[in-house]
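Visitor: After the sequence you'll find the predicted model.
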Amino acid sequence: MLQRMLAALRRLIRPRSAPAAPPGPAPRRQLALRQWIRSAPVTAKTSEERRSMHTAYEKLIQHLDEREITYLTNSDNRSICADFRGAVGRYRIVAVVEPEDSLFQVFGYSPVTVPEGCRPAIAETIARANYGLKVGKFELDYDDGDLRFQVAQILPYDTLEDETIRRLMGTTMAMLDAYLPAVLSVIYANELPKDAIRHAEGRSRGPEPPAEE
């Protein structure tokens, strides 16, 4: 098991294309591969491993069905897409079971596309947001302005649990809620990235305790 985890970690540090945001909401249906996620090369796995990862994907589907969540599926890429309303905005969530890396990934897309002229400032904003994060990271597509949060977990036994799904999706939405106000203030209020992140992190921590006299 340790060898498999180390091999998965080595593959994770190699540059790879990541999922692109899928089309808008619709009833659950199969999507053509070219309409959704650009696939990465898949390494050979045993039939038992393939069955295990298929079971993990089925667990993801079951988790959503039990909670009556409307979503789109792409069984070719073992991925789903659903829209969730957070405290600040409505987010497009893409969850992917990746058999080549024994990995479960969740991507949360900002509802705001970053205008071209604001991208240098937003790049600084998310760099400041990412510094010190213990889980996940923000990513900006500099070409088209897509902004998202990404978090992942290795599945040592190719097993996906309800708690893992809930935690990664919940973390993604919580981080978007925490930092989207900073992004909006930089884009629309011309606030400096440093100040915007300081204010966002101050709100997420709550009010400061009163100073002792």
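Guide: All right, it came through fine.
Visitor: in the protein, which spans are helices?
Guide: Ranges of helices in the chain, per DSSP state H, are 2-12, 47-66, 119-130, 162-189, 193-205.
Visitor: Make JSON lines from those helices and add distance to residue 108 and mean neighbour count to it.
Guide: Glycine gets a C-beta too; all of them are placed from N, C-alpha and C. Formatted as JSON lines, those follow (distance: least, CB to CB, whole Å; neighbours: other CB atoms under 10 Å):
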{"stretch": "helix 2-12", "distance to residue 108": "19", "mean neighbour count": "12"}
{"stretch": "helix 47-66", "distance to residue 108": "15", "mean neighbour count": "15"}
{"stretch": "helix 119-130", "distance to residue 108": "13", "mean neighbour count": "19"}
{"stretch": "helix 162-189", "distance to residue 108": "4", "mean neighbour count": "18"}
{"stretch": "helix 193-205", "distance to residue 108": "16", "mean neighbour count": "16"}
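Visitor: Mind checking these for the one nearest to residue 85?
Guide: With respect to residue 85, and counting by CB to CB, the nearest of the helices of the chain is helix 162-189 at 9.1 Å.
Visitor: just the angle between that closest one and helix 119-130, please?
Guide: What separates the directions of helix 162-189 and helix 119-130 is an angle of 140 degrees, with axes from the mean of the first three to the mean of the last three CA atoms, to 10 degrees.
Visitor: was I right about residue 84 contacting residue 91?
Guide: Yes: using CB atoms under 8 Å, residue 84 is in contact with residue 91, at 5.5 Å.
Visitor: re the thing from before, so which of the helices of the chain gets nearest residue 154?
Guide: helix 2-12 (5.4 Å).
Visitor: Would you mind measuring from residue 154 to residue 164?
Guide: 10 Å (CB to CB, to the nearest Å).
Visitor: Pull the number of nearby residues for the residue lying closest to residue 54 once chain neighbours are set aside.
Guide: Residue nearest to residue 54 in three dimensions, not counting chain neighbours: residue 78, with 7.6 Å by CB to CB, 6 or more residues apart in numbering. The tally of other residues near residue 78 (other CB atoms under 10 Å) stands at 21.
Visitor: for residue 67, same thing?
Guide: Around residue 67 there are 10 residues (other CB under 10 Å).
Visitor: residues near the closest residue to residue 153 other than its chain neighbours, how many?
Guide: The shortest distance from residue 153 to any non-neighbouring residue, by CB to CB, 6+ apart, is to residue 104 (5.3 Å). By other CB under 10 Å, 27 other residues sit near residue 104.
Visitor: for stretch 162-172, the distance to its chain's centre please.
Guide: 10 Å (CA atoms, centre = their mean, to the nearest Å).
Visitor: Let me see the residues that make contact with that stretch.
Guide: In this structure, residues lying in contact with stretch 162-172 by CB atoms under 8 Å, 6 or more residues apart in numbering are 59-60, 63, 84, 91, 93, 95, 104, 106-108, 135-136, 149-153, 155.
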